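Peer 1: coords please:
(one chain, ligands or ions: 2)
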Amino acid sequence: MSLNKYSKPTLNDPNLFRESAYINGEWVKGTDEVFEVADPASGEIIARVPEQPVSVVEEAIDVAYAAFKTYKNTSPRERSKWLRNMYNLMLENLDDLATIITLENGKALGEAKGEIKYAASYFEWYAEEAPRLYGATIQPLNPNNRVFTVRQPVGVCGIICPWNFPSAMITRKAAAALAVGCTVLIKPDSQTPLSALAMAYLAGKAGFPKGSFNVILSHTNTPKLGRTLCESPKVKKITFTGSTNVGKILMKQSSLTLKKLSFELGGNAPFIVFEDADLDQALEQAMACKFRGLGQTCVCANRLYVHSSVIDKFAKLLAERVGKFVIGHGLDPNTTHGCVINSDAIEKVERHKQDAVGKGAKVVLEGGRLPNLGPNFYAPVILSHVPSTAIVSKEETFGPLCPIFSFDTMEEVVGYANDTEFGLAAYVFSKNVDTLYTVSEALETGMVSCNTGVFSDCSIPFGGVKESGFGREGSLYGIEDYTVLKTITIGNLPNSI
Ligand SMILES: NC(=O)c1ccc[n+]([C@@H]2O[C@H](COP(=O)([O-])OP(=O)(O)OC[C@H]3O[C@@H](n4cnc5c(N)ncnc54)[C@H](O)[C@@H]3O)[C@@H](O)[C@H]2O)c1
Ligand SMILES: O=CCCC(=O)O
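Peer 2: Numbers count the residues shown, from 1 in each chain. Ligands and ions are numbered 1, 2, ... in the order given. Below you'll find the model as predicted:
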């Protein structure tokens, strides 16, 4: 692959770079109207893709609906083979796919490669799960009846995804859906549609039948397209990853047709460091957790709670280590951390920082804008002794701001951690298993990670509680969200012999 800094890449396989939607196995524009995709690091336009009208989405829904009628009857072994092919193809094209992510999202190439491996792992996992969908046999009260259950695919799934993981947020939904026999219509974020299109190209090569894997595109038309997906009686499920506010809109719109829903929404993860924690381990893990994607992941630590006896030491050492980050264009091999997605992300970081400092937080690492690199570059900020009244204790920053709060007792810190409407991930650091266990049970989140800041894995159930959403992705449970349970009763059997 030859890459010129700040320019469109020459990919090993140029077919992976697509500027059309993918419907029924065809590359489709459907309109002359386009929207632009820019490299957030350089501002350079890297693609022009169609702004699709509602009529194209309606056609795509019809295609996915028609395809479902045959796709649902393919054998689990066939689907497993296509999923496995997709896994292999993603790894074979790792460099190109990662380059596309870096160019549209801004994350460093090393992180982008990690995302592709993570994204592909869902295809591998569900290739293995596809033939293992079990039901139950049930002993009913009526002795002349026999009862069993089967899991059937729910139908056409509308998949709406964010920009922060342009590949992995799609695969952990699509792989499970395709494994059980659902067809999918994917709507990526308008800032990062190119990864979805590259995967559509690979899905065709992997052997998925026409109409089973579709990608539609929109920017300003997004609310109309979203409504069309939510209100169509032919779409049986909406699976969404994104903000809680948009999740609430989609839930209302989906109520008209009472769709099955899975929502992975915003987080506000507490990262708790007790006085007996291995400080060096907690520091390393805090860095990895807080600054993954430069703070733009839903499971990034949003609030660090560090015991009052170690908070000053922890904050100083963290600032020393984070100060060594090399921030730059994601394709530069020296870069450890890329840029944020857009100027709104920086404005939110600054608003949360000013609020906390105004309320008495200490600045440990000043951070701030890096105009020499570009308008979307921002060096991490670390604040300590942040008061509990700061906005950041309640609102997700989704950016490179690391606020550290002090606490004294276990009861106090669990109270702070749970004092939010969100409940996605939480982190606990201690050498005492009683502390880990008691606190894990008390935290109101879907996932708790003890003594590690990086826990994501295709084998675990991923998802939240409270306003962080519902449904689980990945693991053996993730497949259930794309099925409906059917009960079959065979009645009036003769008396037993
Ligand atoms: N829980 C998780 O697994 C998870 C993962 C990643 C991101 N997130 C959350 O996502 C948020 C950041 O992503 P974002 O700002 O791009 O979210 P967003 O909700 O603005 O956008 C997500 C997707 O929804 C689409 N969308 C926006 N308005 C829509 C509408 N009216 N109808 C239909 N679709 C619409 C967008 O185009 C995009 O594809 C954060 O809150 C983050 O925590 C959660
Ligand atoms: O941004 C949210 C998803 C992050 C992950 O899957 O680890």
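Peer 1: Could you tell me how many residues sit around residue 403?
Peer 2: Close neighbours of residue 403, defined as other CB atoms under 10 Å, add up to 26. C-beta here means a position set from N, CA and C on the backbone, and glycine is covered the same way.
Peer 1: Could you do residue 353 as well?
Peer 2: For residue 353, the neighbour count with other CB under 10 Å is 23.
Peer 1: pretty sure it contacts residue 381?
Peer 2: Yes - if you go by CB atoms under 8 Å, residue 353 and residue 381 touch, sitting 5.4 Å apart.
Peer 1: Give the residues shared as contacts by the two.
Peer 2: Overlap of the contact sets of residue 353 and residue 381 (by CB atoms under 8 Å, 6 or more residues apart in numbering) consists of residue 401.
Peer 1: Doesn't residue 32 belong to a strand?
Peer 2: No - assigned with DSSP: H, G, I helix; E, B strand; the rest coil, residue 32 falls outside any strand and is coil.
Peer 1: can you tell me the distance between the two ends of stretch 406-424?
Peer 2: Taking CA to CA, to the nearest Å, the first and last residues of stretch 406-424 lie 22 Å apart.
Peer 1: secondary structure class for residue 163?
Peer 2: Secondary structure, three-state DSSP: residue 163 is coil.
Peer 1: give me the number of residues near it?
Peer 2: Using other CB under 10 Å, the number of residues around residue 163 comes to 21.
Peer 1: repeat for the one 10 residues further on
Peer 2: Neighbourhood size, residue 173 [other CB under 10 Å]: 31.
Peer 1: Which helix or strand contains it?
Peer 2: helix 168-180 (DSSP states H and E).
Peer 1: which neighbours does the helix or strand just after that helix have in its sheet, and in what orientation?
Peer 2: Sequence order places strand 184-187 as the next helix or strand after helix 168-180, per DSSP H and E. Using DSSP bridges, strand 184-187 pairs in its sheet with strand 156-160 (parallel), strand 213-215 (parallel).
Peer 1: nearest to residue 460, of those?
Peer 2: When the strands paired with strand 184-187 are compared by CB to CB, strand 156-160 sits nearest residue 460, at 20.3 Å.
Peer 1: show me the contacts for the residue nearest to residue 142 when sequence neighbours are not counted.
Peer 2: Leaving aside its chain neighbours, residue 142 sits nearest to residue 491 (7.4 Å; criterion: CB to CB, 6 or more residues apart in numbering). Contacts for residue 491 (CB under 8 Å, 6+ apart) come out as 142, 144-145.
Peer 1: Quick check: residue 491 vs ligand 1, distance?
Peer 2: Noted for residue 491: a distance of 44 Å to ligand 1, by CB to the nearest ligand atom, to the nearest Å.
Peer 1: Same question for residue 475.
Peer 2: Using CB to the nearest ligand atom, we find residue 475 at a distance of 14 Å from ligand 1.
Peer 1: Could you tell me the end-to-end distance of stretch 151-171?
Peer 2: End-to-end distance for stretch 151-171, by CA to CA: 21 Å.
Peer 1: Stretch 98-113 now?
Peer 2: Start to finish, the residues bounding stretch 98-113 are 5 Å apart (CA to CA).
Peer 1: quick revisit: please tell me how far the residue nearest to residue 142 sits from ligand 2.
Peer 2: From residue 491 to ligand 2 the distance is 46 Å (CB to the nearest ligand atom).
Peer 1: Alright, that wraps it up for me.
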